[in-house]
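Visitor: Sequence plus predicted model, see below.
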Amino acid sequence: MSETTSSDPASTSPEADILAALGPRLVVLVGMMGAGKSTIGRRLAARLKLPFVDADSEIEVAAGMTIPEIFEIHGEPHFRDGEARVIARLLESGPAVLATGGGSFMREETRRRIGAKAVSIWLKADADIIMRRVRRRADRPLLQTSDPAATVSRLMTEREPVYQHADITIASRDVPHEKIVEECLIALHGRLCGEGTNDAAGILGAAR
Ligand code: S3P
């Protein structure tokens, strides 16, 4: 899909160009638990001066309970249905930056909705980084297994072929968050604004 937007002479920055080209759409972050979707999403939203929305938090508000409680009381299928409904609703309220839960993009209907209403970014992290990050918190029901590393590895094998359908892939790694945010901005500019990617890289780089 080609999305060429003529550069607005009045715009003053790559961020402004991205915003103009995005229109009512959202920027949706997908990827494994621990990939940094919320951390990067919050900073990306600040750079674009857009609201930041976290799907997991919205699910907890809608359900009136935490995600571990939803899994325990109602089970994963119920959680997945609620997750799909909440994300469908959030996709109607763009523009915004939306961080999604790691399993949500696996549902075909959710991928289709994201494709229609958003530009998606897969934050791709390797297993070591994910394990290091998820070990800090015990609030991921899917990882309450006897061998969380094996579970992460199995989930990555199942999910990565699907995550790669996102519009943009950015490697999430142990570098300052602002560097990942900058790479997201450059990729968004390249995809949404057509030519001028290198200009955007230069301008964004110079702005640091
Ligand atoms: C899940 C990821 C979690 C949360 C739930 C299930 C998953 O979100 O939605 O625990 O299936 O990978 P994060 O990706 O934000 O940790």
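Guide: Yes, it's here. Keep in mind it's a predicted model, so treat the numbers as computed, not measured.
Visitor: quick check, residue 119 in a helix?
Guide: No. Counting by DSSP: H, G, I helix; E, B strand; the rest coil, one finds residue 119 to be strand, located in no helix.
Visitor: I'd guessed it sits against residue 28; true?
Guide: Yes. Using Cβ atoms under 8 Å, residue 119 makes contact with residue 28 at a distance of 7.2 Å. In short, each C-beta sits where N, CA and C put it, glycine included.
Visitor: Please give me every residue in contact with residue 133.
Guide: Taking Cβ atoms under 8 Å, 6 or more residues apart in numbering, we find residue 133 in contact with 34, 36, 125.
Visitor: Need the three-state assignment for the residue most central in space within the chain.
Guide: The residue at the geometric middle of the chain, judged as the C-alpha nearest the mean C-alpha position with Cα atoms, centre = their mean, is residue 29 (0.8 Å). With three-state DSSP as the basis, residue 29 sits in strand.
Visitor: ok, residue 131 - contacts?
Guide: The neighbourhood of residue 131, defined by Cβ under 8 Å, 6+ apart, consists of 34, 148-149, 152.
Visitor: nearest spatial neighbour of residue 97, skipping sequence neighbours?
Guide: Among residues not flanking residue 97 along the chain, residue 45 sits closest, at 3.8 Å (Cβ to Cβ, 6 or more residues apart in numbering).
Visitor: returning to what we had before: any idea which of the contacts of residue 133 is the one closest to the ligand?
Guide: Checking the contacts of residue 133 against the ligand by Cβ to the nearest ligand atom gives residue 34 as the nearest, at 6.7 Å.
Visitor: okay, now that closest one: neighbour count?
Guide: Using other Cβ atoms under 10 Å, residue 34 is surrounded by 23 other residues.
Visitor: quick one: it and residue 124 touch, right?
Guide: No. Residue 34 lies out of contact with residue 124 (Cβ under 8 Å); the separation is 11.8 Å.
Visitor: elements contacting the helix or strand hosting residue 21?
Guide: Element membership for residue 21, per DSSP states H and E: helix 14-22. For helix 14-22, the contact count by 3 or more Cβ pairs under 8 Å, 6 or more residues apart in numbering; DSSP states H and E identifies helix 37-48, helix 177-193, helix 197-206 as packing neighbours.
Visitor: Name the residues of the first one that are buried.
Guide: Neighbour counts over helix 37-48 (16 or more other Cβ atoms under 10 Å) mark 37-45, 47-48 as buried.
Visitor: now the angle from it to helix 177-193?
Guide: Helix 37-48 runs at 60 degrees relative to helix 177-193, counting by axes from the mean of the first three to the mean of the last three Cα atoms, to 10 degrees.
Visitor: what's whichever helix or strand comes after helix 37-48 packed up against?
Guide: Proceeding C-terminally, helix 37-48 gives way to strand 52-54 as the next helix or strand, assigned by DSSP H and E. For strand 52-54, the helices and strands in contact under the criterion 3+ Cβ pairs under 8 Å, 6+ apart are helix 37-48, strand 97-99.
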